[in-house]
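*Asks:* dropping a prediction and its sequence here:
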Amino acid sequence: MKFICLGYFDEAKWAALPEAEQATLMEECMAYDDELRRGKHFLGGEALGAAANAVTLRMKNGGVDVLDGPFTETKEILGGILLLEAKDLNHAISLMSKHPGVKNGPFEIRCADETINQQIAQRNKQFNQ
């Protein structure tokens, strides 16, 4: 099964860490990602840029409203996405609970919607022929 793991963090807390501590935590995360790769669990991932450069789109009065930044009720923002292969949700929880990134903020783990992802893959094939 595929899982999408959304890593959240508080940008202000991160910025307050000394650079050496930031570098150490990032290296710990990368090393654990390598462990996931060796176990054939790491399918991919992406780090996200600063929230200050983000926008949120919402429908409003029949049109699209563009809001500056992520529109959330928390200081923690989405920092990255990790694609994980695991037997089931409990296995995904077990793998991600060891990820050093959890020290810096929560991870949301969600099962991929394989039905819709197959539809997306089919449409991608149509455009890549």
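*Replies:* Cool, the structure landed. Numbers count the residues shown, from 1 in each chain.
*Asks:* use CA for all of it now, contacts and neighbours both
*Replies:* Will do.
*Asks:* how much space between the residue nearest the centre of the chain and Phe3?
*Replies:* When CA atoms, centre = their mean is applied to the chain, the residue found nearest the centroid is Ile81 (1.8 Å). Ile81 sits 10 Å away from Phe3, going by CA to CA, to the nearest Å.
*Asks:* got it, and Asp113?
*Replies:* Separation of Asp113 from Phe3 (CA to CA) stands at 9 Å.
*Asks:* how about Asp10?
*Replies:* Computed as CA to CA, the Asp10 to Phe3 distance reads 23 Å.
*Asks:* who's more crowded, the two?
*Replies:* Set side by side, Asp10 and Phe3 show more neighbours around Phe3, with 23 against 16, by other CA atoms under 10 Å.
*Asks:* how about that one, secondary structure?
*Replies:* Recorded secondary structure, Phe3: strand (DSSP: H, G, I helix; E, B strand; the rest coil).
*Asks:* need the pLDDT of the residue nearest to it when sequence neighbours are not counted.
*Replies:* Among residues not flanking Phe3 along the chain, Cys111 sits closest, at 4.3 Å (CA to CA, 6 or more residues apart in numbering). With respect to pLDDT, Cys111 has a value of 86.
*Asks:* cool, the one 5 residues further on as well?
*Replies:* Per-residue confidence for Ile116 comes out at a pLDDT of 84.
*Asks:* change the start of the numbering to 38 and stick with it
*Replies:* I'll keep to 38 as the first residue from here, and by that count the last item is Ile153.
*Asks:* please work out how many residues are found near it.
*Replies:* Using other CA under 10 Å, Ile153 is surrounded by 10 other residues.
*Asks:* mind listing the strands for this protein?
*Replies:* For the chain, the strands defined by DSSP state E occupy 39-47, 79-84, 92-97, 100-105, 113-122, 144-148.
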